[in-house]
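Participant: With the sequence up front, the predicted model follows.
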Amino acid sequence: MLEPHSMSQNQRLRHDRLTFYKEDIDQIDELLSDFLRLSGAKCALLIDKDGHLVTKRGELCTIDIDTISALVAGSFAATKEMARLLGEEEFTAMFHQGERDNIQLSLVGDRTLLTILFDDRTTVGMVRLYAGDTAKKLAAIYQAAMQRDPSGSQLHEAFGTDAKSKLDNLFDS
């Protein structure tokens, strides 16, 4: 994989704003479901580094997803700065332990955060073991999506022209 600093501007934009298609999300959801089954964790969220939810699996009854997504991204950004101050490029995992619930955050593919919520039904060791394997599989999905031909999108070439024409007609009325 190319390092972000050695990419062209178009490559960097594609890297930073990878688009997930339905097939990608289906694969990701299947991986997260398998992770939850194997690890015994309650919930798995995949959040981009800007704090937007990509997808989620598991028990989510009382969680405000938008708020937790933003806080996870902010927490990881702050931790990246701490790592830099200590001479590290960044820390790739964080763990928060509460009285009842715990959260593990893992950086996946330099673009998303695998956020795992779990309680005493499992152990941090089980979560870490299966999170590492899941992160590798997620990174492979990202790599395949990065290599997808952007011109091979499912939108017809004339879509932009047709859409512009329809909008022009709408506003000319």
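Facilitator: Arrived safely.
Participant: For this protein, just list every one of the helices.
Facilitator: Using DSSP state H, the helices of the chain run over residues 9-16, 22-39, 65-85, 124-146, 159-172.
Participant: And those helices: which comes nearest residue 93?
Facilitator: Closest of the helices of the chain to residue 93 is helix 124-146, at 7.6 Å (criterion: CB to CB). C-beta here means a position set from N, CA and C on the backbone, and glycine is covered the same way.
Participant: Distance from the chain centre to the closest one, please.
Facilitator: Helix 124-146 has its C-alpha centroid displaced from the chain centroid by 11 Å (CA atoms, centre = their mean, to the nearest Å).
Participant: ok, now stretch 115-133?
Facilitator: Stretch 115-133 has its average C-alpha position 17 Å from the chain's average C-alpha position, going by CA atoms, centre = their mean.
Participant: May I see the buried residues of that stretch?
Facilitator: The neighbour-count criterion (16 or more other CB atoms under 10 Å) identifies 115-118, 122, 127-128, 130-131 as the buried residues of stretch 115-133.
Participant: Averaged pLDDT, that stretch. What do you get?
Facilitator: Averaging the model's pLDDT scores along stretch 115-133 yields 93.
Participant: I figured residue 114 hits residue 108, correct?
Facilitator: Yes: using CB atoms under 8 Å, residue 114 makes contact with residue 108 at a distance of 5.1 Å.
Participant: Need the residues touching each of these two.
Facilitator: Shared contacts of residue 114 and residue 108 (CB atoms under 8 Å, 6 or more residues apart in numbering): 46, 135, 138.
Participant: so what's the first one bridging to?
Facilitator: Spelled out, that is residue 46. residue 55, residue 114 (DSSP bridges).
Participant: can you count the residues close to residue 141?
Facilitator: Applying the criterion other CB atoms under 10 Å, we find 19 residues in the vicinity of residue 141.
Participant: Then the one 4 residues further on?
Facilitator: Neighbourhood size, residue 145 [other CB under 10 Å]: 17.
Participant: okay, now residue 74: neighbour count?
Facilitator: Other residues within reach of residue 74 by the criterion other CB under 10 Å amount to 11.
Participant: before we move on, the earlier item: could you dump the helices of the chain to JSON lines with distance to residue 59?
Facilitator: Below are the helices of the chain laid out as JSON lines (distance: least, CB to CB, whole Å):
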{"stretch": "helix 9-16", "distance to residue 59": "32"}
{"stretch": "helix 22-39", "distance to residue 59": "9"}
{"stretch": "helix 65-85", "distance to residue 59": "12"}
{"stretch": "helix 124-146", "distance to residue 59": "15"}
{"stretch": "helix 159-172", "distance to residue 59": "40"}
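Participant: Can you give me the distance of the most centrally placed residue in the chain to residue 171?
Facilitator: With distances taken as CA atoms, centre = their mean, residue 112 lies nearest the centre of the chain, 3.2 Å away. Relative to residue 171, residue 112 is positioned 38 Å away (criterion: CB to CB, to the nearest Å).
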